[in-house]
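K.L.:
Prediction below, plus the sequence it came from.
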Amino acid sequence: MLGKKGQRRAAKENIPRWHKSSLPLSDSPLPLSDPPLPTSPRWSESPPPPPSENPQISRYSTIPMEGLVPSDDSHRLHDIHDILPTYKLFRELLDLQGDYEQWVTQADCATPVTPVAAIKQHVAEAGLLACKLHNLLRSHIPADDYDLCAIHSSVCSMQLALGTRRAIMCFNCLSTLDHHLECPAWDEPMGVLPIGTDEDSLWLFEWTLIPLQKKTTAYLAEWGVLGIETQVRRYSLIALQRAEMDGDTVYQEWRQFFELPQEYFTDKRDTLAFFQEACASVFALGEALVRIGYKLKVLEKRA
């Protein structure tokens, strides 16, 4: 018989990966009208249209094409106190995705000769939208595993896209990486302490969140200031390529954070804190990946 910790580890390893890192990406908007409840599988498997061919757009700057609607599990249909707030939450997410699509359209029109005032406006709008996504679960946290995982995955994708596109727009305008980009004004400070005191909450915090936080902090300390506080010539082409892959790995770990069953998230206040930590971390990863991408382009031209 496995002990409690062994059961947790086995559960984590055997959770089905609903959001594969190989999932095709698309800039296609989600439907803004209320779609019908889906049948199995929950997400559309139809191939998405090809991504943008703009070479300046990072491959991380698109969002998954998913039939993003609440779960139709029968046991939840009887709980009106959960399903109505959950539908409202999905409606809010769809509205935010519409804002995201509009921002992307405007940002893609920016060029190195775009007036600085317009660039600053786009940057400010990206920060406001990132903060709205960061606070999405404040009003309600879904009780269903699939709902929470689908929302978290979509939000992480948009946060990374906002981080990358904002950085691309700024660096194109400045023609240099030698500038710090201000972080959005997150309402909550970075850093999470567990509120739940049960064994599951403490295990999740100690063995899942803290290692991922440390990995992210170390990655951003190394690559989030690339072009500002480091000498680029000490990095080889292979080192930068490996760093880009490492950044993608960290992103996928944040994106899959809520693939554990809900029973591991016993206190909803902790769930909100974990969600907000993921949002802020993923946004910062976007800028770091753009810095690496720009330096990779320079070294590849020299090779």
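P.N.:
Cool, got the structure. Numbering: from 1, shown residues only.

K.L.:
Low-confidence ranges, the stretch 201-303 of the chain, go.
P.N.:
229-233, 303 (pLDDT under 70).

K.L.:
how about the helices of it, start to end?
P.N.:
210-223, 237-255, 268-302 (DSSP state H, counting those that start in this stretch).

K.L.:
okay, now K295: neighbour count?
P.N.:
Using other C-beta atoms under 10 Å, K295 is surrounded by 21 other residues. C-beta: built from backbone N, CA, C; applies to glycine.

K.L.:
Hmm, I typed the wrong one, I wanted L204.
P.N.:
23.

K.L.:
swap in T266?
P.N.:
17.

K.L.:
close enough to count as contact, it and T197?
P.N.:
No - using C-beta atoms under 8 Å as the test, T266 is too far from T197 to be in contact (9.4 Å).

K.L.:
if we can go back for a sec, so which of the helices of the stretch 201-303 of the chain comes closest to L84?
P.N.:
helix 268-302 (17.0 Å; C-beta to C-beta).

K.L.:
Report all helices and strands that that closest one contacts.
P.N.:
Applying 3 or more C-beta pairs under 8 Å, 6 or more residues apart in numbering; DSSP states H and E, we find helix 268-302 packed against helix 116-134, helix 145-174, helix 210-223, helix 237-255.

K.L.:
burial measure for L148, as a count.
P.N.:
22.

K.L.:
Return the distance of the spatially most central residue of the chain relative to K295.
P.N.:
In the chain, the residue lying closest to the centroid (C-alpha atoms, centre = their mean) is C156, at 1.7 Å. Counting by C-beta to C-beta, to the nearest Å, the gap between C156 and K295 amounts to 25 Å.

K.L.:
A218 too?
P.N.:
19 Å.

K.L.:
go on, D144?
P.N.:
Relative to K295, and taking C-beta to C-beta, D144 is found at 43 Å.

K.L.:
now do E253
P.N.:
Where K295 is concerned, E253 sits at a distance of 24 Å (C-beta to C-beta).

K.L.:
What residues of stretch 171-179 count as buried?
P.N.:
F171, N172, C173, L177 (16 or more other C-beta atoms under 10 Å).

K.L.:
Could you check the pLDDT of the nearest residue to the third one once chain neighbours are set aside?
P.N.:
Sequence neighbours aside, I119 is the residue nearest to C173 in space, at 4.9 Å (criterion: C-beta to C-beta, 6 or more residues apart in numbering). Per-residue confidence at I119 stands at 88 (pLDDT).

K.L.:
Check S61 too.
P.N.:
For S61, pLDDT reads 46.

K.L.:
ditto for A161
P.N.:
95.

K.L.:
wait, doesn't it sit right on L289?
P.N.:
No - the pair A161 / L289 is not scored as a contact, 11.1 Å apart, by C-beta under 8 Å.

K.L.:
okay, now F283: neighbour count?
P.N.:
Around F283 there are 27 residues (other C-beta under 10 Å).

K.L.:
and the gap between it and L160?
P.N.:
From F283 to L160 the distance is 7 Å (C-beta to C-beta).

K.L.:
Over to S236?
P.N.:
26 Å.

K.L.:
The two: which is more packed in?
P.N.:
For S236 versus L160, neighbours defined as other C-beta under 10 Å are more numerous around L160 (29 against 10).

K.L.:
separation between L202 and T217?
P.N.:
21 Å.

K.L.:
let me fix that: L94
P.N.:
Taking C-beta to C-beta, one finds L94 at 33 Å from T217.

K.L.:
ditto for T176
P.N.:
Taken as C-beta to C-beta, the span from T176 to T217 is 25 Å.

K.L.:
again, but for L93
P.N.:
28 Å.

K.L.:
Name the residue in the two with the higher neighbour count.
P.N.:
Set L93 next to T217 and count neighbours by other C-beta under 10 Å: L93 wins out with 19 against 14.

K.L.:
Surely that one is within a helix?
P.N.:
Yes - under DSSP: H, G, I helix; E, B strand; the rest coil, L93 sits within a helix.

K.L.:
does the nearest residue to L202 once chain neighbours are set aside count as helix, strand or coil?
P.N.:
Closest residue to L202 apart from its sequence neighbours, by C-beta to C-beta, 6+ apart: P194 at 6.2 Å. Assigned with three-state DSSP, P194 falls in the coil class.

K.L.:
For P194, list the residues it contacts.
P.N.:
Neighbouring residues of P194 by C-beta atoms under 8 Å, 6 or more residues apart in numbering: S201, L202, L204, F205, D267, D270.

K.L.:
The last one against L193, yeah?
P.N.:
The reference is to D270. No - counting by C-beta under 8 Å, D270 sits too far from L193 to count as a contact (9.3 Å).

K.L.:
So for these two, which residue has more residues nearby?
P.N.:
D270 (20 against 7).
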